[in-house]
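Chemist: what shape does this take:
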Amino acid sequence: MKFVFLDRDGVINEDSDDYIKSVAEWRPIAGSIEAIAKLSQAGWRIYIVTNQSAIGRGYMDFDGLFAIHDRLQKLCAELGGRIDGIEFAPEHPDHASDMRKPNPGMLRDLAKRLQIKLDEVFFVGDSYSDIEAARAAGARPVLVRTGKGRRTETKHSLEGVPVYDDLAQFGAALLAS
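Modeler: Here you go, the predicted structure:
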């Protein structure tokens, strides 16, 4: 079984410093949904692993989050793809548990439930907290330049971390390997 874990905001959809708080604000990055569908069709199991502090900050509720995730899953399904699961950390950063990235809790918890080892799992993110979480959990970090990716690439040491322009480029490279 092959697994890819993805951050959401900045990897799959456009990010915003004002947070993505509704389906109306949620816009997929060009090629991202297609990349998920192609990976899924090729036998990769896809999981979303995302911080969603807009809930902890009171900017949105769980119904709003689930509506966004429903939209994401429907778009993937329309292209013949599938997202196997979505994990999220809703807490405010000031009250973060081990589940909130950069902590590795979500990744480790998901791996435990799936009964897999993380050393063969790619975790694709756009922020340094994604890279840190992947490293701490023993997963294989990947950076995309969308979202906060370009800033992350210039500000942090990414030795050993593959960098792609976007999720579509990563997906194509993975499928070609």
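Chemist: who touches the helix or strand of the chain with the lowest mean pLDDT?
Modeler: Using mean pLDDT, DSSP states H and E, helix 53-56 stands out as the lowest-scoring helix or strand of the chain, at a mean of 94. With Cβ atoms under 8 Å, 6 or more residues apart in numbering as the test, helix 53-56 has contacts from 19-21, 60-62, 65, 89-93, 95, 100. For glycine as for every other residue, the C-beta is placed from the backbone atoms N, C-alpha and C.
Chemist: list the neighbouring strands of the host helix or strand of Phe5 plus their orientation.
Modeler: Under the criterion of DSSP states H and E, Phe5 resides in strand 2-6. Sheet pairing of strand 2-6 (DSSP bridges) gives strand 44-51 (parallel), strand 122-125 (parallel).
Chemist: ok now the least confident helix or strand of the chain, how far from the chain's centre?
Modeler: Between the centre of helix 53-56 and the centre of its chain there are 16 Å (Cα atoms, centre = their mean, to the nearest Å).
Chemist: can I get the next helix-or-strand element following it in PDB, CA atoms only?
Modeler: Sequence order places helix 62-78 as the next helix or strand after helix 53-56, per DSSP H and E. Presented in PDB, the C-alpha positions along helix 62-78 are these (Å, rounded to 0.1, in the frame of the first residue of the first chain):
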ATOM      1  CA  PHE A  62     -17.200  22.500  12.400                       C
ATOM      2  CA  ASP A  63     -20.100  22.600   9.900                       C
ATOM      3  CA  GLY A  64     -18.200  25.200   7.800                       C
ATOM      4  CA  LEU A  65     -15.100  23.000   7.900                       C
ATOM      5  CA  PHE A  66     -17.000  19.900   6.900                       C
ATOM      6  CA  ALA A  67     -18.700  21.800   4.000                       C
ATOM      7  CA  ILE A  68     -15.300  22.700   2.600                       C
ATOM      8  CA  HIS A  69     -14.100  19.100   3.000                       C
ATOM      9  CA  ASP A  70     -17.200  17.800   1.300                       C
ATOM     10  CA  ARG A  71     -16.600  20.100  -1.600                       C
ATOM     11  CA  LEU A  72     -13.000  18.900  -1.900                       C
ATOM     12  CA  GLN A  73     -14.000  15.300  -1.800                       C
ATOM     13  CA  LYS A  74     -16.800  15.800  -4.400                       C
ATOM     14  CA  LEU A  75     -14.400  17.500  -6.800                       C
ATOM     15  CA  CYS A  76     -11.900  14.600  -6.500                       C
ATOM     16  CA  ALA A  77     -14.700  12.100  -7.000                       C
ATOM     17  CA  GLU A  78     -15.900  13.900 -10.100                       C
END
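Chemist: helix 62-78: what's the following helix or strand?
Modeler: Past helix 62-78, the next helix or strand by DSSP H and E is strand 85-89.
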